[in-house]
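>>> here's a sequence, model it:
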Amino acid sequence: MAIDVKQSLEERCINSIRFLSIDAIEKAKAGHPGMPMGTAPMAFVLWDKFMKFNPRNPVWANRDRFVLSAGHGSMLQYALLYLTGYESITLDDIKTFRQLDSKAAGHPENSVTAGVEVTTGPLGQGIANAVGMAMAEAHLAARFNRQGFDIVDHYTYAIMGDGCNMEGISHEACSLAGHLGLGKLIALYDDNHISIEGSTELAFTEDVAIRFKAYGWHVQTIEDGNDLEDIGRAIAAAKAVKDKPSMIKIRTTIGYGSPNKAGTSTAHGEPLGNEEVQATRKCLGWEHEPFDIPEDILNYFRRAIDRGVGYEKQWNDLFNNYKAEYPEEAAEFERIMSGRLPEGWERVLPVFTPDDKAEATRSLSGKVLNALAEALPELMGGSADLAPSTKTLLKSSSDFAKGAYANRNLHFGVREHAMAAICNAMVLHGGIIPYCATFMVFADYMRGAMRVSAISGAGVLYVLTHDSIGVGEDGPTHQPVETLASMRIIPNMLAIRPADGNETSGAYKVAMENRHRPTALALTRQNLPHLPGSSIEGVAKGAYVLRDSAGTPEIILIGTGSELSLCLAAADQLVADGHSVRVVSMPCWELFEEQDADYKEAVLPAAVTRRVAVEAGVSYGWQRYVGSEGEIIALDCFGVSAPGKVCMEKFGFTVDNVLATARKVLR
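Predicted structure coming up:
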């Protein structure tokens, strides 16, 4: 392979992307050079000829969104950001690729590098994110645009690879995108036929083009990934299709330009090595030292700055005219895009008394959700085909569907993993507070995306119902004994298990106020009483004293969710026996741990070592709160198939057992 040294400026620009990637990876002694080397032409055409963005304002509201679904090729994105003039990443950052505190992290992270829209790397997450961003654009456009004022009018572009297409999440997300007819979603498929183990022929031989056509996508195929004109024509044709998402299948060579590694799996995930780097320089006619970008190339790329400033000015002029014509809509658009909540929104939260009828917290959640939907028009979401069971249908809105994008009820179908990733992207797009719902046991199906929620600082609300063995007859496959514990160990995620109506309102209040970390609500199927002393504000502290004794308590009973009422009933009997008892509600460990030492001591005094914790799940983690002299009523096994009440009795979640355990501790 020998390249004519008489290259056009555009070809040299493409090689600058390749060699910034090669040199950064070589210096770091780690990374994935093959993907940037193969996809540089398509990325160049997209960023230079089609994308609307402003390097001087990475968060301009109407920018096109770019998602690098094949996030292992992160140097492609960092090279593009640097070359086009983003101030968030410098040449020094690229020289410190993958090193501590560098803005050029190993995989793209939205919280680290301005210009990176979403955190990618786990394959398939990015294309699902792209679907979510396209859904957000479609919704906001339908809601705010007026005749002659398309203030929301941008595309979502993604570069995806073979690995993205293999992962199941891409099937879920792309199927939904086709169903919804998301015409402003365009995916460029880097079809290089190589995965880590070797040729994709080892495990992946399906016809991806036919698959996407079956999803309802507009599909084009390009046989030469270096043909700039073909790539440009294909993107233009994709933009012309308004009623379908588009996939452009582009045949590339991984590690293009490397004489000995191009087209092989060795180009995927390891540096080329000094000798091969020099051979590649010679092959591609790149005579410059590492990290040296000629001035004419940099000047060419940096035209994106003036172009981007112009795009934003044109939009600002349009928006100012829109504001004069539609002042209320403009003010609302500015508010939701800034992430501000409206004044007094929390006043709609329902308040409950012990006289109100007992209800499942899933039903109470539905009431709170619908009340909030009236005050927060940016709140929208849905379930994985479980809205009647999770109680997550918004009564004030119709269904988000093709041609009806202004509506707020999302129907994800049985697609938990994609559902969570889509909601991540809707948060990060801006202007939307999304929620998604399923049975709690199926949170494991979306755990990968939930983890990315926490890493990304995406304030998704996860409504997880049927939270314990109280599910009953469906048996251990549907009884999430370990799931809440697994939510609690994810950093930057709040897991809240409310015990009644007021705590459910409090859980939603916490979720709405925490826009930079996800919240998982654990909600019951069975009815629960409204408890005297329960508190909306107490939830924000993570734990609070629900009932206290005069003076220092002899024993503290700690409960969450459906078991808190058992603690109260047992306390009544203990008090009648002459004991001083404190009952603590602990709906959220994470919030309690964030309180100062004085508050934590006030709720759980160190001197009171007799404690009992009660929760219908595994005991993992409770030892920190009961200490060596306390007891935990939990179950460290799977449940059984029986009526819910019978299940609870079998495993000791009864007033009698709480009472007996407390008396044992007191002795």
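
>>> now do the phi/psi pair for the residue lying closest to residue 429 once chain neighbours are set aside.
Closest residue in space to residue 429, ignoring its immediate chain neighbours: residue 136 at 3.9 Å, by CB to CB, 6 or more residues apart in numbering. Where C-beta positions appear, they are placed from N, C-alpha and C, glycine not excepted. Here is the backbone geometry of residue 136 (degrees, to the nearest 10): phi -60, psi -40.

>>> so what's the residue count around residue 136?
Number of residues near residue 136 (other CB atoms under 10 Å) recorded here: 26.

>>> repeat for the one 4 residues further on
In terms of burial, residue 140 registers 26 neighbours under the definition other CB under 10 Å.

>>> tell me the contacts of it?
152, 333, 431-432 (CB atoms under 8 Å, 6 or more residues apart in numbering).

>>> tell me which helix or strand it sits in.
Assigned by DSSP states H and E, residue 140 belongs to helix 125-144.

>>> can I get the helix or strand following that helix in CSV, CA atoms only?
Using DSSP H and E, the helix or strand that follows helix 125-144 in sequence is strand 156-161. Output in CSV follows, covering the C-alpha atoms of strand 156-161 (Å, rounded to 0.1, in the frame of the first residue of the first chain):
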residue,chain,number,x,y,z
THR,A,156,-28.2,13.1,15.8
TYR,A,157,-25.3,11.4,14.1
ALA,A,158,-23.6,8.2,15.4
ILE,A,159,-20.6,6.2,14.3
MET,A,160,-21.1,2.6,15.3
GLY,A,161,-19.1,-0.6,14.7
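
>>> and the contacts of strand 156-161?
Contacts of strand 156-161 (CB under 8 Å, 6+ apart): 35, 39, 42-43, 46, 50-51, 64-70, 73, 76, 123, 126-127, 129-130, 133-134, 137, 170, 184-190, 192.

>>> among these, name the ones in strands.
Judged by DSSP state E, the subset of these located in strands is 65-68, 185-190.

>>> how about the nearest residue to residue 662, chain neighbours excluded?
residue 612 (5.2 Å).

>>> list the contacts of residue 594.
residue 542.

>>> against residue 511, how distant is it?
15 Å (CB to CB, to the nearest Å).

>>> now residue 627
31 Å.

>>> now do residue 184
Taken as CB to CB, the span from residue 184 to residue 511 is 29 Å.

>>> one more: residue 43?
Distance, residue 43 to residue 511, by CB to CB: 37 Å.

>>> kindly report the same for residue 536.
13 Å.

>>> related to what we said a few turns ago, the more surrounded of residue 627 and residue 511?
Each of residue 627 and residue 511 has its neighbours counted (other CB under 10 Å); residue 511 has more, 25 against 13.

>>> name the element the more buried one belongs to?
Since the elements are taken from DSSP H and E, residue 511 ends up inside helix 501-513.

>>> need the contact partners of the helix or strand just after that helix.
Next along the chain after helix 501-513, taking DSSP H and E as the criterion, comes strand 519-522. Residues from elsewhere that reach strand 519-522 (CB under 8 Å, 6+ apart): 365, 440, 443, 450, 459-464, 467, 484, 487, 493-498, 504, 507-508, 510-511, 561.

>>> next step: the residues you listed restricted to strands.
461-464, 494-496.

>>> break this structure down into its structural domains.
Per the record, the chain has its domains at 9-308, 359-528, 541-666, by automatic domain parsing.

>>> give me the element the spatially most central residue of the chain is part of.
The centre of the chain sits closest to residue 424, judged by CA atoms, centre = their mean, with a distance of 2.8 Å. Following DSSP H and E, one finds residue 424 within helix 416-429.

>>> what packs against the helix ranked longest in the chain?
Longest helix in the chain, counting residues (DSSP state H): helix 295-325. Contact here means 3 or more CB pairs under 8 Å, 6 or more residues apart in numbering; DSSP states H and E; on that basis helix 295-325 packs against helix 9-28, helix 74-84, helix 327-338.

>>> repeat that with 6 Å
Packing contacts for helix 295-325, counted by 3 or more CB pairs under 6 Å, 6 or more residues apart in numbering; DSSP states H and E, involve helix 9-28, helix 74-84.

>>> and it, how far out from the chain's middle?
How far helix 295-325 lies from its chain's middle: 29 Å, per CA atoms, centre = their mean, to the nearest Å.

>>> return the set of buried residues in that helix.
297, 300-301, 304-305, 307-308, 311-312, 315, 318-319, 322-323 (16 or more other CB atoms under 10 Å).

>>> surely the residue nearest to the centre of the chain is in contact with residue 451?
No. Using CB atoms under 6 Å, residue 424 is not in contact with residue 451; the gap is 10.3 Å.

>>> touching, residue 556 and residue 611? I think so.
Yes. Between residue 556 and residue 611 a contact is recorded at 4.7 Å, counting by CB under 6 Å.
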